[in-house]
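Student: sharing a sequence plus its predicted fold:
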Amino acid sequence: MDENKNDQVSEAGSNGDAKHDAAGLQAEIDKWKALSRKNEDRFKQASSELEGFRQSQMTDTEKAIEAAKVEARNAALSEVGAKLVNAELRAASSAAGVTLPSAEYLNLSSFVSEDGNPDAARIEAFVSSLPKSGSGASYAQNIGLGRQGSPAAGQLTREDLSRMSPREINAARAAGKCDALLRGEV
């Protein structure tokens, strides 16, 4: 009996250790996350200081070249931005199951962010505001036209019956595949 008591105590101790280890590991994870965030903030601060120093050390010619690069990048993004926004709108609308209005009626530049890329939040907000497409048919239903199409569609003929076993014939009759034959239409 003393062995059983020792086993129960050791099991209880291992469960407590597991909980303690999990809490200790979570504390370690949180500590390293905090240190990582602190280092990221330091890096961002040092990078901005370095960029400020580089800007102050540039000559007028270098500043003009840098300004031309930025202007050319913005011009290229504005040209391509509309196409990117159109593609993003089509993808988001098809994923949401809505019909997108024609691009000529949309101001695509309103969906472009300051950096020239499509603004996903604005696109999602616009697509969610569109009405859902109706799941039914686009023509009037139940207008009293009666049965449409061939009355023998999906029906068996006498030739089909001649190749079937009695069990298959009874199953076909139960499924309604012999109705036209019984009515004398086939």
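Tutor: Okay, I see it.
Student: backbone dihedrals for Asn117, please?
Tutor: phi -100, psi 160 (degrees, to the nearest 10).
Student: any idea how far Gln57 is from it?
Tutor: The spacing between Asn117 and Gln57, counted by Cβ to Cβ, to the nearest Å, is 30 Å. Placement of C-beta: from N, CA and C, glycine included.
Student: show me the residue at the heart of this protein, geometrically.
Tutor: Ala95 (6.5 Å; Cα atoms, centre = their mean).
Student: quick one: it is in a helix?
Tutor: Yes. Assessed by DSSP: H, G, I helix; E, B strand; the rest coil, Ala95 belongs to a helix.
Student: what sits against it?
Tutor: Residues touching Ala95, when contacts are defined by Cβ atoms under 8 Å, 6 or more residues apart in numbering, are absent altogether.
Student: show me which of Asn117 and Gln57 is the more surrounded one.
Tutor: Between Asn117 and Gln57, Asn117 has the larger neighbour count (other Cβ atoms under 10 Å), namely 15 against 8.
Student: need the contact list for that one.
Tutor: With contact taken as Cβ under 8 Å, 6+ apart, Asn117 is in contact with Leu77, Gly81, Leu84.
Student: need the residues you listed in TSV with distance to Ile123, pLDDT and neighbour count, can you?
Tutor: Formatted as TSV, the entries for the contacts of Asn117 read as follows, by distance: Cβ to Cβ, whole Å; pLDDT from 0 to 100; neighbours: other Cβ atoms under 10 Å:
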residue	distance to Ile123	pLDDT	neighbour count
Leu77	16	78	15
Gly81	12	82	21
Leu84	10	88	16
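Student: tell me which element Arg54 is part of?
Tutor: Using DSSP states H and E, Arg54 falls within helix 2-57.
Student: quick one: mean pLDDT over that helix.
Tutor: Model confidence over helix 2-57, given as mean pLDDT, is 79.
Student: then stretch 163-175?
Tutor: Stretch 163-175 shows an average pLDDT of 92 in the prediction.
Student: buried sites along the helix or strand where Arg173 lies?
Tutor: If you go by DSSP H and E, Arg173 is part of helix 166-174. Judged by neighbour count using 16 or more other Cβ atoms under 10 Å, the buried positions of helix 166-174 are Ile169, Ala172.
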